[in-house]
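Peer 1: Predicted model and sequence below, questions to follow.
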Amino acid sequence: MGKVTKKQREKIVEQFLPRVKYYAGKYAFGLPPGLSYEDLVSAGIVGLLEAAERYDPEMNASLSTFADFRIRGAIIDEVRAMQWASKDARKKLDDVRQTYSAMEKEMNRSVSDEEVAERLNLTLDDLYKTLSTANTLNMLNIDDIAVNTDGETLDILECVAKEDDTDVIEQLNLKELKSVLGEAINELPEKERLVLTLYYYEELTMKEIGKVLDVSESRVCQLHGKTLLKLRSKVESFRNGS
C-alpha cells in the first residue's frame, strides 16, 4: 500500500475501528493498575495505522487479516508492558504452571485445582487469583505461537509472505509446532477445550462464555488462564526438545 494519505488513513481507521474496540474489550478483563480500556483502544489504533503503512497486497493475507493481527499484537504488547514489571506475579504464575505440568505427568491424568492448590500450600481462592493473571501475563494467541530465541513473538504473516525466506520458516518449525499445540488442545478436558473454541474461534467474550457454561465471568477467566498455562508448557517442552 505504501505511504497513505491523511484521508486514506482516516478511512481505514473508520473501517476497522470496530475491530479495535472488539479486541480492546476482549483483553480488558483483569487489567493491571494504571491501564484502562481506553488505553487499549489507543494502542489498537496505533497497531491499525502501522498495518495500513506496512501492508503489501502481495502478502498472502488480506488487509483485514493483517490489520487484525497488528491491532491484536499492539494491544497485547500494551498489556504486557504493564504486567512484566511484576516479577513476583511472574514467579507465582510460573510455579503454578510447572506444578500443573509436573502433577499431570506424575498422575498421567488431568489434575484438579484443589490438588494443585494443596501441593502449593495455597488456598483455592489464591490459586484462582494467580490463574486469572495468566490472561494478561501469559497471553498466548493460537495464531501467534512462534517465538524466536530471544523470547519475542514473531510476525507469522510476514514470515509466510516472504516465500524466499525459507530458512526462517524452517527454523521456526511452524508446522510441527502447530501440530504439537493441536494435540495439546485435543488432550484438554472438555470444558477447557470449549472455552478456547468459544473465545478464539467463535469470538465470544468472557461474559458470554460464562452464560453458555452457566458459570461466572471470573470463573471463565480462571479456566482460560489455566488452559493457557497448560498450552504454554507444551510449547516450552517442544522448544526445549523434551
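Peer 2: Great, that's in hand.
Peer 1: first to last residue in stretch 51-62, what's the distance?
Peer 2: For stretch 51-62, the separation between the terminal residues is 11 Å (CA to CA, to the nearest Å).
Peer 1: What residues sit buried inside it?
Peer 2: Using 16 or more other CB atoms under 10 Å as the burial criterion, the residues of stretch 51-62 that qualify are Ala51, Ala52, Tyr55, Met59, Ala61. C-betas here are computed from N, CA, C, even on glycine.
Peer 1: tell me the least confident of those residues?
Peer 2: The member of the buried residues of stretch 51-62 with the lowest pLDDT is Met59, and it reads 68.
Peer 1: just so I have it, where are all the helices in the chain?
Peer 2: Taking DSSP state H as the criterion, the chain carries its helices at 6-26, 37-54, 63-83, 87-107, 113-119, 124-137, 156-161, 166-172, 174-186, 190-196, 206-213, 217-239.
Peer 1: buried residues in stretch 221-238?
Peer 2: Applying a neighbour-count criterion of 16+ other CB under 10 Å, one finds 221-235, 238 buried in stretch 221-238.
Peer 1: okay, now the domains of this protein?
Peer 2: 1-85, 86-242 (automatic domain parsing).
Peer 1: and the ones you listed, which one is worst for confidence?
Peer 2: Averaging pLDDT over each of these singles out domain 86-242 as the lowest, with a mean of 75.
Peer 1: ok so, going back, ok, the buried residues of stretch 221-238 vs Tyr22, which is closest?
Peer 2: For Tyr22, the closest of those turns out to be His224, at 16.9 Å, with distances computed as CB to CB.
Peer 1: what's the nearest residue to Tyr27 once chain neighbours are set aside in contact with, if anything?
Peer 2: Closest residue to Tyr27 apart from its sequence neighbours, by CB to CB, 6 or more residues apart in numbering: Ile75 at 5.5 Å. Ile75 makes contact with Tyr23, Ala24, Tyr27, Leu40, Ala43, Gly44, Gly47 under the criterion CB atoms under 8 Å, 6 or more residues apart in numbering.
Peer 1: May I ask which of those has the most neighbours?
Peer 2: Of all the contacts of Ile75, Gly44 has the most neighbours under the rule other CB atoms under 10 Å, reaching 28 neighbours.
Peer 1: Against Leu63, how distant is the residue nearest to it when sequence neighbours are not counted?
Peer 2: If the residues on either side of it in the chain are set aside, Gly44 comes closest to Val20, at 3.7 Å by CB to CB, 6+ apart. Taking CB to CB, to the nearest Å as the measure, Val20 and Leu63 are separated by 14 Å.
Peer 1: quick one, which of those two is more surrounded?
Peer 2: The neighbour count for Val20 versus Leu63, taken as other CB under 10 Å, is higher for Val20 (25 against 17).
Peer 1: just checking, the more buried one touches Tyr37?
Peer 2: No: with contacts defined as CB atoms under 8 Å, Val20 does not count as touching Tyr37, sitting 11.1 Å away.
Peer 1: and the spatially closest residue to Glu192 that is not a sequence neighbour, how far is that from Arg193?
Peer 2: Spatially, and ignoring its direct neighbours in sequence, Glu192 is nearest to Thr227 (4.5 Å; CB to CB, 6+ apart). Per CB to CB, Thr227 is found 8 Å from Arg193.
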